[in-house]
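A.B. asks: coordinates only, sequence not included:
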């Protein structure tokens, strides 16, 4: 098991890691480690509440957690990143089993769960912290992420949407910092404010690209369980079962 980050910081005012509950509120898995045979990456699609929910529902995703990435300081706080001065993006780290779900499937979720052409913001949320981004753990992921951008740009143009994708795509090197515990799996917790500013375009990822890149779920899965224009959070909290995903027509 590869330890991701120690949850317990020191005292005395120095910058320390956030203290969070390591158990995923829905999946009941450890969000702090990437088990052997698993992989991870980080996605940013605006406000991280709705982004995280869409990813944890995908079969094969072991754990998700929200946080901050690609900024200037260590262990930022929500208050700091909200000012837009630290350079971090709100994001979701996804730990997944590539035997069950492919990186191509997860890229499809990224592109279709928001509008990646909106620059520094998404819907009503504006600022660099709400930018679209993909932060890869390996060079192989980086290559596929870049290729997926071109494929989705073509799909947008074919659908009559001619704005350019503004998503930041980076390779290994950026550190993911956990956000405060109350943000983790926020939308599934009692008393949460059911808010998400994501504006999915309604344009699906090209089926041919998914097939060519090892996608495991077909058009039926995306039609039934994928993001819909206008809302990415009006779906059950539970993860979609693998059987249901494969049987979706």
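C.D. replies: Cool, got the structure. Since the structure is predicted, the reported quantities are computational estimates derived from the model, not experimental observations. Numbers count the residues shown, from 1 in each chain.

A.B. asks: low-confidence ranges, this protein, go.
C.D. replies: Applying pLDDT under 70 to the chain flags residues 1-13.

A.B. asks: helices along that one, start to end?
C.D. replies: Assigned by DSSP state H, the chain shows helices spanning 48-56, 78-82, 103-112, 139-158, 207-212, 219-225, 242-247.

A.B. asks: show me what counts as buried in the shortest one.
C.D. replies: Yep, that's helix 78-82 we're talking about. Within helix 78-82, the residues that count as buried by 16 or more other C-beta atoms under 10 Å are 80, 81. Every residue, glycine included, has its C-beta placed from N, CA and C.

A.B. asks: what comes up buried for stretch 104-119?
C.D. replies: By 16+ other C-beta under 10 Å, the buried positions in stretch 104-119 come out as 104-118.

A.B. asks: ok, stretch 171-180 next?
C.D. replies: Applying 16+ other C-beta under 10 Å to stretch 171-180 flags 171, 174, 176, 177, 178, 179 as buried.

A.B. asks: quick one: which of those residues sit in strands?
C.D. replies: Residues from the buried residues of stretch 171-180 lying in strands, with DSSP state E as the criterion: 177, 178.

A.B. asks: OK, contacts around the spatially closest residue to residue 198 that is not a sequence neighbour?
C.D. replies: For residue 198, ignoring the flanking residues on the chain, the nearest one in space by C-beta to C-beta, 6 or more residues apart in numbering is residue 114 at 4.3 Å. For residue 114, the contacting residues are 45, 46, 51, 122, 132, 198, 199, 200, 227, 232, by C-beta atoms under 8 Å, 6 or more residues apart in numbering.

A.B. asks: change it to 6 Å
C.D. replies: When contacts are counted by C-beta atoms under 6 Å, 6 or more residues apart in numbering, residue 114 touches 45, 46, 122, 198.

A.B. asks: looking at it, the second one is touching residue 122, isn't it?
C.D. replies: The one in question is residue 46. Yes: contact criterion C-beta atoms under 6 Å: residue 46 and residue 122 qualify, at 2.8 Å.
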